[in-house]
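In: Need a 3D model of the following:
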Amino acid sequence: MASNPPGPCCAQGFKHDGEPTGVSLKVGEHEAYLATPDPSIAHKDVAILYVPDVISIWQNSKLLADQYAANGYLTLIIDLFRGDPVKLNGPPNFDFASWIAKGSTGDNPHTKEYVDPIVEEAIKYLKEEKGVKKLGAVGYCFGAKYVVRHFKDGIQVGFVAHPSFVEEDELEGFKAPLSIAAAQTDSIFTTEKRHRSEAILAKSGKPWQINLHSDVVHGFAVRCNIQDPSQKFAKEQAFHQAITWFNTWLL
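Out: Numbering: from 1, shown residues only. Coordinates of the predicted model:
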């Protein structure tokens, strides 16, 4: 693997203050959130698909989508879990392997066979309903796997932060510019996995970037404690990393 499976750190963190400005909607049967830029700054025919962490569509992901929209990008978050996200700061003994295999109810799996069609439906919505011709994607934690998996469906530029569950062949298959924001302390995207990912990307022939952020842990780009100056700085820099990447390679 280029990154390890999800673990307890994938659902730990802090809820951020703010008032989301996008709209909730359905894409097919799936919950979604759409953040639309002001027409005066909107990038024509361009969008970002936001593939979320295991907490799915919630306060922090909505605020991040709004930030992408404030930079001119129509941004769609899609619920990958059919209404079965993981609770923020839930029980420390939460069984991630069982949740992925069967879901919380025992009959709602979150494996790639079930998640892939949801991502494909979101991409189809953006292309057919919103007229998107240039598509970027951001993936946080769990969502990173599905950014790299869906290059084949038209993702042209990618950004992922503290990725989990990415297979080496999936990373090798992403034949487009890819930027990664990594945490200094991360049991999922370890130093070993990061260096392996660097080696894979170096062979890709496409632009790539891995930025390592000090004094933060897995999940920092979405769920850090913004009262801590180091964590707040890293989160903001990861976001600017993504915007700069898209401004350079997607527009």
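In: In the helix ranked longest in the chain, which of the residues would be classed as buried?
Out: Scanning the chain for the helix with the most residues, using DSSP state H, yields helix 229-249. Buried positions in helix 229-249, judged by neighbour count with 16 or more other Cβ atoms under 10 Å: 231, 233-235, 238-239, 241-243, 245-246, 249. Bear in mind the C-beta positions are built from the backbone N, C-alpha and C, glycine included.
In: did I read that right, residue 164 in a strand?
Out: No. Counting by DSSP: H, G, I helix; E, B strand; the rest coil, residue 164 falls outside a strand, being coil.
In: count of neighbours near it?
Out: By the criterion of other Cβ atoms under 10 Å, residue 164 has 31 neighbours.
In: Read off the pLDDT value for it.
Out: pLDDT recorded at residue 164 is 94.
In: Wait, it touches residue 188, no?
Out: Yes. Counting by Cβ atoms under 8 Å, residue 164 touches residue 188, with 4.6 Å between them.
In: re the thing from before, out of the buried residues of helix 229-249, which comes closest to residue 136?
Out: residue 246 (5.0 Å; Cβ to Cβ).
In: ok, that closest one to residue 46 distance?
Out: The gap separating residue 246 from residue 46 is 8 Å, by Cβ to Cβ, to the nearest Å.
In: cool, and residue 37?
Out: Going from residue 37 to residue 46 by Cβ to Cβ gives 10 Å.
In: how far is stretch 9-25 from where the chain is centred?
Out: Its chain's C-alpha centre and that of stretch 9-25 lie 13 Å apart, by Cα atoms, centre = their mean, to the nearest Å.
In: On the C-terminal side of the helix or strand of the chain with the lowest mean pLDDT, identify the next helix or strand.
Out: Taking mean pLDDT, DSSP states H and E as the measure, the chain has helix 96-102 as its least confident helix or strand, at a mean of 93. Under the assignment DSSP states H and E, the closest C-terminal helix or strand after helix 96-102 is helix 112-128.
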